Structures are given as structure tokens and as C-alpha cells.
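Engineer: Predicted model follows, preceded by the sequence.
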Amino acid sequence: MTVTVERGGRVTGKHDPTGNPRRRPRDSYALFLLPGVLAFLTVIVVPFLMNTGVSFTDWEGVGSPDWTGLANYRELLDDSEFWASFRHSLFMVVAMAAVPTAIGLVLAAALFDYVGKHFGSRVAAVLRACFYLPQVLPIAVAGIVWSWILAPENGTLNELLAAVGLSSWQRDWLGDPDLALYSVMGVMVWVQIGFPLVVFMAGLQRVDPQLYEAAELDGAGWWRRFWHITLPQIRPETYVVLTWCSIAALKVFGAVYVLTKGGPGGATNVPSYFSFTTFFEKTQVGYGAAISTVLTVIILALSLIGLKLQTRAEDEEEGTRA
Amino acid sequence: MTTALRRYPVLVALCIAALFMIVPFAIVAVNAVKSPTEYAQNGPLSLPEGLYLDGIKDFWERVDFGQKLVNSVLISGAVAVLAVVLSVLNAYAIGIGRIKGRTWVLAFFVLANMLPQEALVYPIYYLSKEAGLYDTRLSVIIVFTVIQAAFGTYLLSSVLSRFPREIIEAARIDGANKWQVLWRIVVPVSRPTIGVLLVFFFIWTWNEFLLPLVMLISNDNQTVSVALGVLQGQRLMDATMTNAAALLGVLPALVFFLVFQRTLTRGIAAGAVK
């Protein structure tokens, strides 16, 4: 039944009635894509287009939106809260992408070709598991754990400082506007570090062990081998991890919601939390939509750059191998 | 001898670092079994004098934690299964069917995967209210099925594009139609990847925060993550209660981690680099 319909369509639609006989069964695979495409249109494409559309309007969430063109975006440019939230995003990129990637590279190399070689892969696997554990924790739960550890009174960190005679170092870690952002960054490093580690350790497995043996014979120490062999060999993984982690850093929401609610005094506000409060607390839906649209554009641009770097690194790697 | 001595500092340093990673979990466990008076007297650093479980019990009853667990299991389980089904169907068309314009279709799914939820949350909230699905577990299941399937489609498509074509051709010659090829050959052969996706989708959905926070406002529908996050945000909990909450939040994650450790670490590597 479907075959006749398809054939009919093809004959009338195209000027080449003989066509390629193998093409037809191929194209009916498109039916399998139908549920997926419909679901994506409903849940992602339509809401996304609506959000973009609303960002050009003034809307409180009820009644009909008033078209205001680029007014929301012009307002954003003068909004110091908006600039602050994106500046904090850069701090999050440092805490969730740059630092975990750097530490992850050293840790992965140390676990893979030091601990793994001298103490067995089981020891390396157990250590890796410890570093990875925070990654499976819901961010809301991690937030509860850390806000209690960092609490000003009876918090574990302050008690610990007192116990070792450093009472003068006690702080209100999450409540001090000068410190809160750094405290949140510390928590995010703890949360994030397992991801680069696991990816890099997997990547190291495909590096030719002969490269290391040859370098060792030539008298290259651990750091030189790390710099001249490990780093260049897992460059594709490094780009993937940097891209993914930077995107995660730009999207960070749960940690800020649970740890600081963007405070004190906006000191830890980030774009996603900013758009959330603008949507649901201030009910300035148009303005919130503009914030999230800017965030989307930045994330998509970052994805494209990351993808490009990754493909180029993979091409180079294949080139050197050939 | 000297090399053996030189090795240990590195191992010791790594062990200390690893300890630092898991010490917060230990502190939470230790303090969750202290009574409020004991905590007030001895602070967070002492070892518990006895096993005081009333704090956990109180917390469990106060937030109806059993119901939250049921909600989380129901939502995450349903999303894991449905998102895998959707991913398999998409990837079958893209990876094996090699439909025309598949690069663009795949790029579309990848972009959908990258979109921040902030850019979808208000319209989804609005539309679900219009559709009478607001504050239902079903709405969250539908949304996350699609969001997770974006990643699943991307991963499975690249796995299936390397599927041995001879097997499919042979089955087709034997008279199997496309459905039979999919369910009897492609799905069983791809079981390892499908297993990884099931585990990932389950845990990711379990940990989701923003959309469930917006969509599930009544107590009966909230997930573990949302309930704990909202409680913490209200700053109404004392130290013992906070620890009980943290412990009850950590335990399921710990169970998943121990059960699925292998799948998790392998899967991440597979997902990150094609």
C-alpha cells in the first residue's frame, strides 16, 4: 500500500521515472523518524521558537504579549545585573572547565601510567571511582552537603579551622559577598573533576605504549613524557572535555539555587538563575526570554567552535599516524 | 630501592586527594546519626556516641520521603525506557536507513541536545498549563524523554552506522521486513550500548533540577532532588535535619554508583569521543 503511494509520488514528482531502484526502500526508513521528529517539534522546536519570539515582546505571562522589537536586548546592554551574571559565568568556566581539565589531565596521567603500572590497575580503578563519585550525586544534594559544611556557625570547615588553631581564618563562606563566588567555585571543582578524569583515562588507553617505552629509554622523565606524549596524544579528548564542561558551566543552575540563591546581593548570580528569577519571580517573561536567548546563542557558538577544534585535532592525529 | 621509595609519595598524594573527595560523604553519614543535643555539644567533628536514627525517621515522615522516592523511580524509569525506544527508532533511520539529509537531521538532534533548558522552560511551563499537564509527572516524563533521546540518537546513530551491513542484507533476503530486522537483529546486537543509555538516562533524569522544580509544585509529585533542593532553599532545616536530608539524598546515588560503576565509566568515554 505505502509502496504504491510512494511510487506514484515519485513518478509524477520527478522527471526520471526509472530512477534508482535501490532508493525507494531506503527512503521508507524515514517513517521510523516520524515519532522522533514530532516529539522534538513539540517539546523543543516549538518552545524554543516561542521563547525567541517572546524575547521581542513585553509580556507578563498572561494576556497577549506586546511587540517591542529589540527593546529587551537594548535594556540588557545597560543592565549591570546582566553583565555581572555573565562575568560570574566566566568564573564558572574556570571552576568547571579550566581547573578540572588541568587537574584531570595530571591525575589521569598519574593514575594511568604511574599508579596503574606500579600498583596495579585495581588501585587505579578504586582511586578513579573516588574522584568520580560526586558526579553521580544530584546537584541539589551536593548543595545541601556543602552548604552545611560551609555554614558560618557549627559548619564543618570552620570547626576544622578552629580545631587546628586557625580560628582567625573562619569565614561566612557562602554569606560573604567577597567570598561566596569563590566558595561556589570550589564546590563546582569538587563536583566536576571526575568527568575529565574518566574521559582522559579512557583516552590514554588508545595511546601506543611503545611511545612511552621509547621515551623512557631516551631518559625522558615523567613530566617530559606527560608534556610531549600524553598531552598531544589526547588532544581530541581535551577539546571535547573543555567544550562540554564550558557548556555545563554556562548552564549551571541547581548549585547556585541551593547554595546561595544568587546572593548575597547578586554576588553569585548566573545567567540561568537570572533568567529563572526574571521568569518566575518578577514575571517579566519577555526580558527573561531575552536573557535565555543570549545564553543560547553563546552556547551554540561555543559548541560549534569546540566541534571544529575536535575534528581538526582528530584529523591531525590521523595525519601523523598515516 | 630508590625508585620504590620515590613511588610512594605520589601514591600517598593521590590517596589524600581521593580522601578529600569522599570525606564530605563520611562527615554527612557521621552527623546524620547524632542526636541534636549531641551535635550542639560536640559539633560536627566528633564521632557519634551512639546510633540515633530518629532524625532520619523524622525527616522521612515530615517530607514523605517514600513518596518522593516513588516519584523519582517512576519518572526516571519511564524516561529511561521511552527515551531509549525513541533513540533506537531515530538512530535506525539515520544510522542504518541512511535516509537522505541524515547529516542535517543528526545536526538537528545534536543542537537540540546543546540547547539550555532555560530557553525552553517558560514555553514548556505555559504550554503544559494550556494542555492541563502542569504539575503532573507525565509532563516531566514527556519532556525528558525527548531531551535525553537527543543524546541517545546522536550516540546510537554513530554506533549503528558501523553496523555490519551483510547481516541486515541477509535478513532482508530471508524476507524479514524492517520492523523484524530492527527488533530481532539490530536491537539485540546493540544491547551493550542500549544498556549504557538506560543507565545514563535513569541517573541523569534522577538528578535533573530546573525543569522538575518548575513543573512539579505539589508535594505528591515532587522528585527527591526537587524536594531536597526546595527544603534547602527555604533555609528551614536545623543541622540534624540537614544531615538526614543529605544522607537520604546521597544513598540512592551511592547505590546507583556501586551497581553501575562499570557501565558509567565506560559509557562516559564512549559518549565523549563518538
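Structural biologist: Right, received. Where do you want to start?
Engineer: Now do the buried residues in the helix or strand hosting B:Ser72.
Structural biologist: In this structure, B:Ser72 is located in helix B:65-91 according to DSSP states H and E. Across helix B:65-91, burial judged by 16 or more other C-beta atoms under 10 Å in any protein chain shown covers B:65, B:68-69, B:71-72, B:75-80, B:82-91. The C-beta positions use only the backbone N, C-alpha and C, and glycine is treated the same way.
Engineer: Mind jotting down where the strands sit in chain A?
Structural biologist: Taking DSSP state E as the criterion, chain A carries its strands at A:57-58, A:66-67.
Engineer: give the contact list for the residue most central in space within chain A.
Structural biologist: Residue closest to the average C-alpha location in chain A (C-alpha atoms, centre = their mean): A:Ala248, at 2.1 Å. Residues near A:Ala248 by C-beta atoms under 8 Å, 6 or more residues apart in numbering or on different chains: A:Met96, A:Ala97, A:Gln192.
Engineer: Quick one: these as a markdown table, columns for neighbour count, distance to B:Trp179 and pLDDT too.
Structural biologist: Below are the contacts of A:Ala248 laid out as a markdown table (neighbours: other C-beta atoms under 10 Å in any protein chain shown; distance: C-beta to C-beta, whole Å; pLDDT from 0 to 100):
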| residue | neighbour count | distance to B:Trp179 | pLDDT |
| --- | --- | --- | --- |
| A:Met96 | 28 | 44 | 93 |
| A:Ala97 | 23 | 44 | 93 |
| A:Gln192 | 26 | 42 | 92 |
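Engineer: As JSON lines, these with distance to B:Leu264 would be great.
Structural biologist: Output for the contacts of A:Ala248, formatted as JSON lines (distance: C-beta to C-beta, whole Å):
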{"residue": "A:Met96", "distance to B:Leu264": "19"}
{"residue": "A:Ala97", "distance to B:Leu264": "21"}
{"residue": "A:Gln192", "distance to B:Leu264": "15"}
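Engineer: Same list, those residues, but as a markdown table with distance to chain B please.
Structural biologist: As requested, those are arranged in a markdown table below (distance: C-beta to the nearest C-beta, whole Å):
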| residue | distance to chain B |
| --- | --- |
| A:Met96 | 15 |
| A:Ala97 | 14 |
| A:Gln192 | 12 |
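Engineer: So which of the residues you listed is the closest to A:Gly221?
Structural biologist: Taking C-beta to C-beta as the measure, A:Gly221 sits nearest to A:Ala97 out of the contacts of A:Ala248, at 28.6 Å.
Engineer: pretty sure that closest one is touching A:Ser246, no?
Structural biologist: Yes: taking C-beta atoms under 8 Å as the definition, A:Ala97 is a contact partner of A:Ser246 at 4.4 Å.
Engineer: In chain A, what helix or strand scores lowest on average pLDDT?
Structural biologist: Of all the helices and strands that make up chain A, helix A:2-13 has the lowest average by mean pLDDT, DSSP states H and E, namely a mean of 36.
Engineer: check contacts around B:Ser87.
Structural biologist: With contacts taken as C-beta under 8 Å, 6+ apart, B:Ser87 has the following neighbours: B:Gln148, B:Ala149, B:Phe151, B:Gly152, B:Thr153, B:Leu155, B:Leu156, B:Leu197.
Engineer: give me the subset of those residues touching chain A.
Structural biologist: Within the set of those, contact with chain A (C-beta under 8 Å from any C-beta of the partner chain) is found for B:Ala149, B:Thr153.
Engineer: Please report which of the contacts of B:Ser87 has the highest neighbour count.
Structural biologist: B:Ala149 (32 neighbours; other C-beta atoms under 10 Å in any protein chain shown).
Engineer: which element is that residue on?
Structural biologist: helix B:137-160.
Engineer: Alpha carbons of that helix, as CSV, please.
Structural biologist: What follows is helix B:137-160, C-alpha atoms only, in CSV (Å, rounded to 0.1, in the frame of the first residue of the first chain):
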residue,chain,number,x,y,z
ARG,B,137,4.6,13.5,36.5
LEU,B,138,3.6,12.7,32.9
SER,B,139,4.6,16.2,31.7
VAL,B,140,8.1,15.7,33.1
ILE,B,141,8.3,12.2,31.6
ILE,B,142,7.4,13.6,28.2
VAL,B,143,9.9,16.5,28.3
PHE,B,144,12.8,14.4,29.5
THR,B,145,12.1,11.5,27.1
VAL,B,146,12.7,14.0,24.3
ILE,B,147,15.7,15.8,25.9
GLN,B,148,17.5,12.5,26.7
ALA,B,149,16.6,11.0,23.3
ALA,B,150,18.6,13.8,21.7
PHE,B,151,21.8,12.5,23.2
GLY,B,152,20.7,8.8,22.6
THR,B,153,20.1,9.5,18.9
TYR,B,154,23.5,11.0,18.5
LEU,B,155,25.3,8.2,20.2
LEU,B,156,23.3,5.3,18.7
SER,B,157,23.4,6.7,15.2
SER,B,158,27.2,6.6,15.2
VAL,B,159,27.2,3.1,16.6
LEU,B,160,24.6,1.8,14.1
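Engineer: What residues sit buried inside the lengthiest helix in chain A?
Structural biologist: Residue-count comparison of every helix in chain A, with assignments taken from DSSP state H, identifies helix A:285-321 as the longest. Along helix A:285-321, the positions that meet the burial threshold by neighbour count (16+ other C-beta under 10 Å) are A:285-296, A:298-299, A:302-303, A:306-307, A:309-310, A:313-314.
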